[in-house]
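Student: Mind folding the following:
(chains A and B)
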Amino acid sequence: MRKILAVIKREYLQIVKTKGFIIGTILGPLLMSLFLIVPILMSVVSVAEQENIGVIDASGKLFVELDKKMEQKLKDGSRRYLLEEYRLTGDISQLKEVLNEKVLAKELSAYVFLPADISEGGEVEYVSEHVSDFDKTNNIRNALNSIIIGKRLKAEGLDPNKVGQLMRRVSLSTKKVSKRGVEEDTGGTFIISYFLVLVLYMTLIFYGQAIMRGVIEEKSSRVVEIVLSSIRPFQLMAGKIIGIGAVGLTQYTIWGLFGIGFTTYGGALIADVFPAAASFKFPSIPAYIFIYFIIFFILGYFLFSTLFAAIGSMVNTEKEAQQFMTPVIMMLVIPLLLIVFIMRSPNSSISVILSMIPFFTPTLMLLRVCILLPPFIQVGGSIVLMALTTILMIWLTAKIYRVGLLMYGKRPRIREIIKWMRYK
Amino acid sequence: MNALEIDKVTKNFGDFCAVKDLSFNIPKGNIYGLLGPNGAGKTTTIRMVMNIIIPDKGTINILDRKMDEEMKKRIGYLPEDRGLYPKMKIGELLLFFSELKGLKGAEARRRIDYWLERFDLADWKLKKAEELSKGMQQKVQFIATVIHKPELIILDEPFAGLDPVNTKLLKDFMLEMKDKGVTIIFSTHRMEQVEMICDNICLINKGEKVLEGNLNRIKKEYGKNTIVLDYEGEAKYIKDFAGIENIDDYGRFMEVKLKEGGNSQDLLQYLTGKIRINKFEVKEPTLNAIFIDKVGEQNEKNSGGN
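Tutor: Numbering: from 1, shown residues only, chains lettered A, B, ... in the order given. Got it, this is the predicted structure:
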């Protein structure tokens, strides 16, 4: 046991002391909070400038009303859109040509052509250098719609305001019922689940590959046999996996503390700096989800890290490892592709079966736990299944690892690897 | 009393038989040479002794006990494929190896400092392994082999890749360990080293034992039928002399093995006047000659048997 401890200590310190780990651990949460804060700020801080928009009003009756509707203001109180009317005196195509020139010369940011039969379904044309300013096109579309619909209603003798009231939409509030009662949920669950599953996926791949690289380094530097003169291959593998796993847990702890601090004080902090964002609420994560997250991380980590260790032992370079890694990474990617499906019907029998497949359990069962807590028999069953698979995989991979570590030269074929497992 | 007893050990890798029914004993306090051409099964045998791979058949006893993990603390092993963790500092690296052997912190540090001082590496303690020259890395590997004061040291091709300075250092080091009563086993295919330092040898080829025993006795058994010739001139026609069994010609130096009953004086007479002879010595065969003779004989026998 002392020997395994020595290996654990070495593996742990070797990674924790690297610049990559320190930067990743500190930068990770900073990046994550940036992803959270920036969109909030973007929605508050506007970057709009005043724009000139040309209008060709073929009907001759709409410009004044449109000008009144397009009254959006900039921060300094001036109008956002300055509308200029261009009277249709001669040939329409000639006038459009003139306006095209003005758009290209940046005198106008855009122009719209309102046909004479606009009320009868004639199509409005919007011309600009680019059509990706959805804010502007939406404003124009909404203004024209309200003008034209109002006109049609009046023509039928109806009061537009009255009709507007009558046409008010029904609002739908989404609530989640669980054993703990009814609570409001407006999509926070979706974000949290998605986020946690992605974090799990990324850390499993990251630490799995760290183990693989470690094994390859031991082989390529030829240090491994010196180590094996003191301990058994299995002890080396176990020490390596536990040591690097401890690095993962350290990182989660730091991130977790950061996350708790952020959700507790971050909102107030942002509200202080940007009062407009005060209404934004951070989704909070229930404690039981955290506990399951750690359980699935540990189980998933052991399952996949043994595979990565075995791959590392079979090859001589990282490049050679690619071929063996593909199926293992597929096991991790497939559940990601199923996320939307599981979210839409988390309790369907297919979802249940998929989440019970040991290699998919860490991500998919965690996802189901986040969305709605499945019956204990399913969660517990998947954990037992995973634990059994992990033990089986450790037994198999340890056999490969033991032989592979001392094999240099050509990359082995699958048939040879199966033969290795039979060696005494 | 034997430090190591190998009894009827066999190891197969799939269809390939790496070691076949091998038995030999190594007396305590000896320097023992395990010889054989490349691929003879030396490394496989040593790995089985170290419990890194498990024999299919047979038993291995070390220091009067069956090999187990605890025993690894009493053995120092320098493998043929050896290296260091490139990113680790020398001090940390040696501490790690010491901990693996069960040494505790303060004592391990004291011994590390002693050895680094002795091998002129004290200034490199805080440097990473990858910053050291190959020769320095080899010294660090020697230290790792003996830091825990083993009773048995196993060296697999220890002289491979060493420069003359480190070769001498290692040789002196081995003799020093022998004086302290440590048993040393080393494998090699370089005969001149064995001849100079080994007490006993075991020669294996294709996984089987060919020859075993005390080096002096083995040489005596071969008898004084070898002539070492230091000469100048054209010596091709020496082949025509009847009674020569084998010639190993280096151009200015020649080792000649006579047939049984061959007379060395006849050969001297035959050569006189044809070439300039600087030295003509009748002696026991070199181990190299015995090696080539025995291995060649066995290979012939095998191919003949097929």
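Student: domain assignment for chain A?
Tutor: If you go by automatic domain parsing, the domain ranges for chain A are A:2-38+A:185-422, A:51-166.
Student: most packed of these?
Tutor: domain A:2-38+A:185-422 (a mean of 17; mean count of other Cβ atoms under 10 Å in any protein chain shown). For the C-beta atoms, the positions are set from N, CA and C on the backbone; glycine is no exception.
Student: wouldn't residue B:278 be in contact with residue B:232 here?
Tutor: Yes: taking Cβ atoms under 8 Å as the definition, residue B:278 is a contact partner of residue B:232 at 7.0 Å.
Student: hmm, back to that, can you check which of the domains of chain A gets nearest to residue B:292?
Tutor: domain A:2-38+A:185-422 (27.7 Å; Cβ to Cβ).
Student: what bits of the stretch 201-306 of chain B have low per-residue confidence?
Tutor: B:302-306 (pLDDT under 70).
Student: would you list every one of the helices in it?
Tutor: All helices of the stretch 201-306 of chain B, identified by DSSP state H, counting those that start in this stretch, fall at B:215-222, B:264-271, B:287-305.
Student: Pull the number of nearby residues for residue B:76.
Tutor: 24 (other Cβ atoms under 10 Å in any protein chain shown).
Student: part of a strand, is it?
Tutor: Yes: under DSSP: H, G, I helix; E, B strand; the rest coil, residue B:76 falls within a strand.
Student: With adjacent residues omitted, what lies nearest to it?
Tutor: Nearest in space to residue B:76, with sequence neighbours left out and distances taken as Cβ to Cβ, 6 or more residues apart in numbering or on different chains, is residue B:150 at 3.7 Å.
Student: how about that neighbour, what does it touch?
Tutor: Residue B:150 sits next to B:73-76, B:182 when contact means Cβ atoms under 8 Å, 6 or more residues apart in numbering or on different chains.
Student: Next: residue A:264.
Tutor: Residues near residue A:264 by Cβ under 8 Å, 6+ apart: none.
Student: In three-state terms, label the residue nearest to residue B:76 for me.
Tutor: Residue B:150 ends up coil, using three-state DSSP.
Student: Let's see the pLDDT reported for it.
Tutor: Per-residue pLDDT puts residue B:150 at 93.
Student: list the contacts for the residue in chain B sticking out farthest from the centre?
Tutor: Distance to the chain centre peaks in chain B at residue B:273, reaching 41.4 Å (criterion: Cα atoms, centre = their mean). By Cβ under 8 Å, 6+ apart, residue B:273 lies in contact with nothing.
Student: and chain A, which of its residues are near chain B?
Tutor: Neighbours of chain B within chain A, by Cβ under 8 Å from any Cβ of the partner chain: A:2-3, A:6-7, A:9-10, A:14, A:217-218, A:221-223, A:225-233, A:406, A:408, A:419, A:423-424.
Student: which parts of chain B sit against chain A?
Tutor: B:13-14, B:47, B:50-56, B:69, B:72-73, B:75-88, B:96-97, B:99-102, B:141, B:144.
Student: Can you tell me the closest non-neighbouring residue to residue A:328?
Tutor: residue A:307 (5.1 Å).
Student: Contact partners for that neighbour?
Tutor: Contacts of residue A:307 by Cβ under 8 Å, 6+ apart are A:208, A:328, A:393, A:397.
Student: Test my guess that residue B:142 contacts residue B:171.
Tutor: No: assessed by Cβ under 8 Å, residue B:142 is found out of contact with residue B:171, at 11.6 Å.
Student: What are the boundaries of the strands in chain A?
Tutor: Counting by DSSP state E, chain A has strands at residues A:51-57, A:81-85, A:110-114, A:125-128, A:175-178, A:181-184.
Student: May I see the ones you listed organised as JSON lines, with mean pLDDT and distance to residue B:24 added?
Tutor: Putting the strands of chain A into JSON lines (pLDDT from 0 to 100; distance: least, Cβ to Cβ, whole Å) gives the following:
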{"stretch": "strand A:51-57", "mean pLDDT": "89", "distance to residue B:24": "95"}
{"stretch": "strand A:81-85", "mean pLDDT": "88", "distance to residue B:24": "98"}
{"stretch": "strand A:110-114", "mean pLDDT": "91", "distance to residue B:24": "95"}
{"stretch": "strand A:125-128", "mean pLDDT": "90", "distance to residue B:24": "92"}
{"stretch": "strand A:175-178", "mean pLDDT": "75", "distance to residue B:24": "73"}
{"stretch": "strand A:181-184", "mean pLDDT": "70", "distance to residue B:24": "78"}
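Student: which of the residues in stretch B:183-196 are buried?
Tutor: Residues B:183-189, B:191, B:193-194 are the ones in stretch B:183-196 that count as buried (16 or more other Cβ atoms under 10 Å in any protein chain shown).
Student: just those now: which is nearest residue B:284?
Tutor: For those, the nearest to residue B:284 is residue B:191 (13.3 Å; Cβ to Cβ).
Student: Figure out the length between the terminal residues of stretch B:67-83.
Tutor: 25 Å (Cα to Cα, to the nearest Å).
Student: what does it rub up against?
Tutor: Residues from elsewhere that reach stretch B:67-83 (Cβ under 8 Å, 6+ apart): A:221-223, A:225-226, A:229-232, A:406, A:408, B:43, B:46, B:49-51, B:60-63, B:65, B:101-102, B:137, B:141-142, B:145-146, B:148, B:150-158, B:160, B:187.
Student: That stretch: how far from the chain's middle?
Tutor: 17 Å (Cα atoms, centre = their mean, to the nearest Å).
Student: Count the neighbours of residue B:19 for me.
Tutor: Using other Cβ under 10 Å: residue B:19 sits among 27 other residues.
Student: And the pLDDT for it?
Tutor: pLDDT, read off for residue B:19, is 91.
Student: Which SSE is immediately downstream of the strand or helix carrying it?
Tutor: If you go by DSSP states H and E, residue B:19 is part of strand B:16-27. Once the chain leaves strand B:16-27, the next helix or strand it forms, by DSSP H and E, is strand B:31-35.
Student: Appreciated, that's everything.
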